[in-house]
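In: Below are the sequence and a predicted model; questions follow.
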Amino acid sequence: MNDVSGGRSQALLEVVAQHGVHYVLMHTRGEGEVVPANTQYTDVVHDVVAALLTGAERACELGIARERLWIDPGLGFAKRPEHSFAVLAATSRLAALGRPLLVGPSRKSFLTAATGPLPAGDRDWATAAAVTAAVLGGAHIVRVHRVADLVPVVRVADAIHQASA
């Protein structure tokens, strides 16, 4: 279950626990809109880590098995581009939380802060760069649109990551 609500629904968490499925807790605020009320961070990486830890604790308290709990920093959700880049650069801090880590940068609009204006379908090279950063930081899975094209990127980034361990 990929929960883009950040674990807000107790009913959803209880259903996930009851059925014993894997659960991806994604960080967001509000409904994920990039508006001032959602994007005021003291330290975005610290705030995302703290929210994910709190959400993970709540999910486990409601019966989701820790070994079935994944985390996702929610790139682009309630984050200005500089926030998403900071969180992506801190992937290793998220990986250090000891939970499988999913990162989904594919074609996200925050990438255009670095590339300049590009339609979503033209952001695949930018996605490849973001995927590489995520894997080098310890991401276990990445969410992409062009899976077959990104497999070699992930394999090379993972080989580099493994060589650094």
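Out: Now that the structure is in, tell me what you want to look at.
In: helix or strand for the closest residue to residue 66 other than its chain neighbours, which one?
Out: Distances taken as Cβ to Cβ, 6 or more residues apart in numbering put residue 60 closest to residue 66, at 5.6 Å, once the chain neighbours are dropped. The C-beta positions use only the backbone N, C-alpha and C, and glycine is treated the same way. Per DSSP states H and E: residue 60 is located in helix 44-61.
In: Just name whatever secondary elements that helix is in contact with.
Out: helix 10-19, strand 23-26, strand 69-72, helix 81-89, helix 91-95 (3 or more Cβ pairs under 8 Å, 6 or more residues apart in numbering; DSSP states H and E).
In: mean confidence for the third one?
Out: Confidence for strand 69-72, expressed as mean pLDDT, is 98.
In: Tell me how far it lies from the chain's centre.
Out: Relative to its chain's centre, strand 69-72 lies at 8 Å (Cα atoms, centre = their mean, to the nearest Å).
In: Can you show me the CA trace of the helix holding residue 60 as CSV?
Out: These are the backbone C-alpha positions of helix 44-61, laid out as CSV (Å, rounded to 0.1, in the frame of the first residue of the first chain):
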residue,chain,number,x,y,z
VAL,A,44,13.5,20.3,5.8
VAL,A,45,15.7,17.2,6.1
HIS,A,46,15.3,17.2,9.9
ASP,A,47,11.5,17.9,9.6
VAL,A,48,11.0,15.1,7.1
VAL,A,49,13.0,12.6,9.1
ALA,A,50,11.1,13.5,12.3
ALA,A,51,7.7,13.2,10.5
LEU,A,52,8.6,9.9,9.0
LEU,A,53,9.8,8.5,12.4
THR,A,54,6.6,9.7,14.0
GLY,A,55,4.4,8.3,11.3
ALA,A,56,6.3,5.0,11.4
GLU,A,57,5.8,4.7,15.1
ARG,A,58,2.1,5.4,14.7
ALA,A,59,1.8,2.8,11.9
CYS,A,60,3.5,0.2,14.1
GLU,A,61,1.3,1.0,17.1
